[in-house]
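Asker: no sequence on hand, only this structure:
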Ligand code: NAP
């Protein structure tokens, strides 16, 4: 515990919670807190509060009293025992309430109950089952007279874990490492400090977010936060889980948090178009959006996937000396007929390419082809014609099915640009085989960075540090972070 404490102090942690219930033997509290490298908060959680304390309640109370007598900076007392542990010396009292099931409707009553227990800091931590739970707890923090640490747990709770400081929480909680998670959804100290930069968030900090379901493994927070830090923009970018079918209502509720822009991912790309006041022609044509931004009191929708696909393909073509003149008149085969394929068709058509679509489900493919006025080829016949650009917009080859390809290697022709929109992994089986056949390739990582860079420019009004973003993404992927 001391070793971890010292490591956190080196990383500039200002207050460290010592969870005595995690210690195997009853600790000598005086010895433990003597010469500590930072101020400490002493906590000893019971089993019913998801702690690990195995001794009796009497022993636990005696440990907490011992901590106070030894001069701990802070001690955590659950609201139901707080009145039986009197104030003594300079030790500050964090009076806490936890609810691992829900965020109850009577948060104000809970606050009043804690306020009556002589707290220096009120701590209310509840489970979020909806984004709205975060909003209610943050509003409580803002209205509190006593300094209040209030946030939600669980995957939905990250919003308030990070934003509670902006609403007035004196601090938030983070774990030492991933395998020391003290509560559901808890982030690590490194994530809170270095990725989300909790300490730098002020009233003026602009908030951005990616919304999707699932969203926990999205690379967007890593990429956008790194870019915000790199250019010195006062902003934070969060992952917000919003279940399918609830986007419109949740975005309305989230207006209370003053969020300036959203990246939209699966499954909301279509619904987001309906949830906005104004959408550009591109999004209307594609029928899907990946970006919402607030401007002039209204929500605008756009789609940066289309530009991203265009930029990725044009950059790839430049490396094929035989294929001059950009995309004009080039024959392009697009595999798939979902959202990514729609953006790809749009990007290719506006560059006057000759586009053919093929899709596993014939009807869906044919429909897209007739809507966008381009060619259609049955999935079984996709190898029969020659193309200069092949774009995979199916999910085939994506983790964990990394040995699959939507277009077997022996069908590929040397002078083709093969672009796989799948970015996890970057080196898909399709791209590996394409390189073996001598084809030029372009990857989903390039596209992902382009679309994120497009969003960044819209959100901040500044050019994105694109190369830095690409480096960040590749480094994270090589470390296995997704
Ligand atoms: P989507 O709307 O769900 O469409 C999925 C497409 O994949 C459909 O055409 C589907 O065909 C096809 N498909 C799925 N499994 C298949 C299989 N086993 N064999 C043949 N075809 C199959 O998804 P989306 O939003 O278009 O995304 C598609 C892919 O694009 C994603 O996997 C993602 O990796 C990639 N993407 C990348 C970026 C980036 O920035 N790099 C951005 C967006 C998307 P059916 O119609 O027959 O089901």
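Answerer: That came in fine, so what should we check first? Note that the coordinates shown come from a computational prediction; the quantities given were computed from them, not determined experimentally.
Asker: from now on I want contacts and neighbour counts done on CA atoms only, so please keep to that.
Answerer: Fine.
Asker: from residue 78, how far out is the spatially closest residue to residue 57 that is not a sequence neighbour?
Answerer: Take residue 57 and drop its neighbours on the chain: the residue closest to it by C-alpha to C-alpha, 6 or more residues apart in numbering is residue 46, 8.0 Å away. According to C-alpha to C-alpha, to the nearest Å, residue 46 stands 10 Å off from residue 78.
Asker: what about the two, which has more around it?
Answerer: Neighbours were counted for residue 46 and for residue 78 using other C-alpha atoms under 10 Å; residue 78 has more, 20 against 17.
Asker: hmm, that one is touching residue 97, no?
Answerer: Yes - Residue 78 is within contact range of residue 97, at 6.1 Å (criterion: C-alpha atoms under 8 Å).
Asker: return the residues of the chain in contact with the ligand.
Answerer: Residues of the chain lying close to the ligand (C-alpha under 6 Å from any ligand atom) are 336-341, 359-361, 364, 393-396, 421-423, 444-445, 447-448.
Asker: again, 8 Å this time
Answerer: 265-266, 305, 308, 335-342, 359-362, 364-365, 392-396, 398, 406, 420-424, 443-452 (C-alpha under 8 Å from any ligand atom).
Asker: mind checking which of the residues you listed land in helices?
Answerer: Taking DSSP state H, the ones among the residues of the chain next to the ligand that sit in helices are 305, 308, 339-342, 362, 364-365, 444-452.
Asker: got any residues that touch both of residue 78 and residue 97?
Answerer: The contact sets of residue 78 and residue 97 do not overlap (C-alpha atoms under 8 Å, 6 or more residues apart in numbering).
Asker: what is the neighbour count of the residue of the stretch 51-200 of the chain found nearest the ligand?
Answerer: Residue nearest to the ligand within the stretch 51-200 of the chain: residue 195 (21.1 Å; C-alpha to the nearest ligand atom). Residues near residue 195, counting by other C-alpha under 10 Å, number 20.
Asker: so it makes contact with residue 226?
Answerer: Yes - if you go by C-alpha under 8 Å, residue 195 and residue 226 touch, sitting 7.2 Å apart.
Asker: all helices of the stretch 151-300 of the chain, in order?
Answerer: Under the criterion DSSP state H, counting those that start in this stretch, the stretch 151-300 of the chain contains helices at 158-163, 189-190, 220-231, 247-254, 271-274, 281-286.
Asker: okay if I get those helices as JSON lines plus distance to residue 433, mean neighbour count and mean pLDDT?
Answerer: Output for these, formatted as JSON lines (distance: least, C-alpha to C-alpha, whole Å; neighbours: other C-alpha atoms under 10 Å; pLDDT from 0 to 100):
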{"stretch": "helix 158-163", "distance to residue 433": "40", "mean neighbour count": "25", "mean pLDDT": "97"}
{"stretch": "helix 189-190", "distance to residue 433": "39", "mean neighbour count": "18", "mean pLDDT": "94"}
{"stretch": "helix 220-231", "distance to residue 433": "28", "mean neighbour count": "20", "mean pLDDT": "98"}
{"stretch": "helix 247-254", "distance to residue 433": "40", "mean neighbour count": "15", "mean pLDDT": "96"}
{"stretch": "helix 271-274", "distance to residue 433": "37", "mean neighbour count": "21", "mean pLDDT": "92"}
{"stretch": "helix 281-286", "distance to residue 433": "30", "mean neighbour count": "17", "mean pLDDT": "91"}
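Asker: so how far is residue 479 from residue 153?
Answerer: 27 Å.
Asker: and those two? Which one has more around it.
Answerer: Between residue 153 and residue 479, counting by other C-alpha under 10 Å, residue 153 is the more crowded of the two (26 against 9).
Asker: list the contacts for that one?
Answerer: Contacts of residue 153 by C-alpha under 8 Å, 6+ apart are 100, 125-128, 161, 183-186.
Asker: nearest spatial neighbour of it, chain-adjacent residues omitted?
Answerer: residue 127 (4.6 Å).
Asker: where are the low-confidence patches of the stretch 201-350 of the chain?
Answerer: For the stretch 201-350 of the chain, no stretch has pLDDT under 70.
Asker: give the contact list for residue 402.
Answerer: 425, 428-429.
Asker: swap in residue 142?
Answerer: Residue 142 sits next to 167-168 when contact means C-alpha under 8 Å, 6+ apart.
Asker: measure residue 144 to residue 123 for me?
Answerer: Distance of residue 144 to residue 123, computed by C-alpha to C-alpha: 11 Å.
Asker: likewise residue 39?
Answerer: Here residue 39 is placed at a distance of 18 Å from residue 123 (C-alpha to C-alpha).
Asker: so which of these two has more stuff around it?
Answerer: Counted by other C-alpha under 10 Å, residue 39 and residue 123 do not tie: residue 123 has more neighbours, with 26 against 17.
Asker: pretty sure that one contacts residue 93?
Answerer: No - using C-alpha under 8 Å, residue 123 is not in contact with residue 93, being 10.1 Å away.
Asker: strand partners (parallel or antiparallel) of the helix or strand encompassing residue 150?
Answerer: Counting by DSSP states H and E, the element that carries residue 150 is strand 148-153. As defined by DSSP bridges, the strand partners of strand 148-153 come to strand 121-127 (parallel).
Asker: show the subsequent helix or strand relative to the strand it pairs with.
Answerer: Under the assignment DSSP H and E, the closest C-terminal helix or strand after strand 121-127 is helix 131-143.
Asker: sorry, back to before: and the buried ones among the ones in helices among the residues of the chain next to the ligand, selectable in ChimeraX?
Answerer: Buried residues among these (16 or more other C-alpha atoms under 10 Å), as a ChimeraX selection:
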select :305,308,339,340,341,342,365,444,445,446,447,448,449,450,451,452
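Asker: tally up the residues packed near the closest residue to residue 161 other than its chain neighbours, please.
Answerer: Leaving aside its chain neighbours, residue 161 sits nearest to residue 151 (5.2 Å; criterion: C-alpha to C-alpha, 6+ apart). For residue 151, the neighbour count with other C-alpha under 10 Å is 32.
Asker: residue 446 and residue 470 touch, don't they?
Answerer: Yes - contact criterion C-alpha under 8 Å: residue 446 and residue 470 qualify, at 7.3 Å.
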